[in-house]
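Student: what follows is a predicted structure for the sequence shown.
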Amino acid sequence: QAKEQGKNKYQVFHTGMNMQSYRSFIMQNDLRKAIERNEFELVYQPRVNVVTGKVESAEVLLRWHHPSWGSVSPNEFIPIAEQTGLIVKIGDWVLRTVCQQVKRWQENDYNLVRIAINFSARQFMQKDFLSNIERILEETGVAAHLLEIELTESALLENEDFVINALHRLREIGIMISIDDFGTGYSSLQYLSRLPINILKIDRSFVQGIMDKSSENRSITTAVISLAKSLRLSVIAEGVETKQQLEFLGLHGCDEVQGYLFCKPVPQQRFEEMMLQGNGMVFDVKLQQEYKE
Ligand code: C2E
Ligand code: MG
Ligand code: MG
Ligand code: MG
């Protein structure tokens, strides 16, 4: 009996493995055609100023609508795009499409917000990374201050001189730079203090643990906020889902929050409607009395 169960488990596990590699094999092939087939979509998630409720920036996130699987998570297809090098072409498409979008908003008097774009280490380390960005900015006529680049710590840990130079050039162009998923990587504080960056983004995993019994995630969160303050950087928390998390972050001086509590990433058209409201996008950040003190 026990042996039989063991055998079944093994089979399930084994079949699972095959399914997994079969799926990623198909995915590699289909990803190559996804741009031409128009299967990508960009969605936008507002970031909310903790004090005023105003939205001054938003993160753009990629969606892939696969013809037979439906929506595939970027957590699944981005790593494959990175491994195969396809991320360079896909990243170009994202940047160009965002710029065309922002250009239209510029021309049509929308209440503009800065758009933060995720970049993989692999893209950032391309030799023509900077000239490519400059060319796209020039071709589309987008103001550089309306763009922000989100990099993870892993991107910063590559060739140090290259990274520092590239970041300085981006700052000269006028593009903002943020460090995504901060706290999950291994960059040293000394190194960080030498980089011309603007924003630290506290990773969702810490935010999600703010109300834990154990104080670990609260300690990390407050440590990141005070680090940001002492380096004169802004700090944004991602994955904020509850009022308790918002209150904790607000009390400890976090500048902006992003998460389902306020708004999920929304399609372009919905985002435009939100931008056109009155004086721009504003969310209610007032906390219920019970959370104050
Ligand atoms: P990220 O850059 O850390 O993005 C934040 C992720 O958290 C997004 O997942 C977002 O939809 C999700 N999120 C936001 N608020 C909440 C919340 O309150 N609760 C929960 N549970 N999740 C929340 P998404 O869109 O699935 O993207 C996953 C990752 O894929 C991104 O993590 C980023 O690393 C990567 N990615 C997405 N778009 C692009 C892209 O255009 N280029 C590159 N290179 N990577 C991308
Ligand atoms: Mg991001
Ligand atoms: Mg993030
Ligand atoms: Mg994250």
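Tutor: Happy to help now that I have it. Everything quoted here is computed from the prediction, not taken from an experiment. Ligands and ions are numbered 1, 2, ... in the order given.
Student: only C-alpha atoms from now on, for both contacts and neighbour counts.
Tutor: Fine.
Student: distance of residue 187 from residue 133?
Tutor: 25 Å (C-alpha to C-alpha, to the nearest Å).
Student: check contacts around residue 204.
Tutor: 181, 237-240 (C-alpha atoms under 8 Å, 6 or more residues apart in numbering).
Student: tell me the pLDDT of it.
Tutor: For residue 204, the model assigns a pLDDT of 97.
Student: quick check: bridge partners of the closest residue to residue 46 other than its chain neighbours?
Tutor: In space, residue 46 comes closest to residue 58 once its chain neighbours are excluded; the distance is 4.1 Å by C-alpha to C-alpha, 6 or more residues apart in numbering. Beta-bridge pairing for residue 58 (DSSP bridges): residue 46, residue 115.
Student: neighbours around residue 58, how many?
Tutor: When neighbours are counted by other C-alpha atoms under 10 Å, residue 58 registers 22.
Student: quick one: it and residue 118 touch, right?
Tutor: No - contact criterion C-alpha atoms under 8 Å: residue 58 and residue 118 do not qualify, at 11.5 Å.
Student: list the contacts of the residue in the chain that ligand 4 sits nearest to.
Tutor: Sorted by distance to ligand 4 under C-alpha to the ion, the residues of the chain start with residue 181, at 4.4 Å. Listed by C-alpha under 8 Å, 6+ apart, the contact set of residue 181 reads 152-153, 201-204.
Student: and ligand 1, which of these contact it?
Tutor: Among those, proximity to ligand 1 is found for none (C-alpha under 6 Å from any ligand atom).
Student: those residues: which two are farthest apart?
Tutor: 153 and 204 (14.9 Å; C-alpha to C-alpha).
Student: and the end-to-end length of stretch 66-75?
Tutor: With C-alpha to C-alpha, one end of stretch 66-75 sits 14 Å from the other.
Student: what are the contacting residues of that stretch?
Tutor: With C-alpha under 8 Å, 6+ apart as the criterion, stretch 66-75 contacts 39, 62-65.
Student: mind checking if it is in reach of ligand 1?
Tutor: Yes - using C-alpha under 6 Å from any ligand atom, stretch 66-75 comes into contact with ligand 1 via 73-75.
Student: could you dump these to a markdown table with neighbour count, secondary structure and distance to residue 217?
Tutor: Output for the residues of stretch 66-75 next to ligand 1, formatted as a markdown table (neighbours: other C-alpha atoms under 10 Å; DSSP: H, G, I helix; E, B strand; the rest coil; distance: C-alpha to C-alpha, whole Å):
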| residue | neighbour count | secondary structure | distance to residue 217 |
| --- | --- | --- | --- |
| 73 | 12 | coil | 26 |
| 74 | 14 | helix | 25 |
| 75 | 8 | helix | 23 |
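Student: save those as TSV, and put in pLDDT too.
Tutor: Output for those, formatted as TSV (pLDDT from 0 to 100):
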residue	pLDDT
73	97
74	98
75	97
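Student: of the residues you listed, which ones also sit close to ligand 4?
Tutor: Applying C-alpha under 5 Å from the ion, the subset of the residues of stretch 66-75 next to ligand 1 adjacent to ligand 4 is empty.
Student: dump those residues to a markdown table, plus distance to residue 147.
Tutor: Formatted as a markdown table, the residues of stretch 66-75 next to ligand 1 follow (distance: C-alpha to C-alpha, whole Å):
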| residue | distance to residue 147 |
| --- | --- |
| 73 | 24 |
| 74 | 21 |
| 75 | 23 |
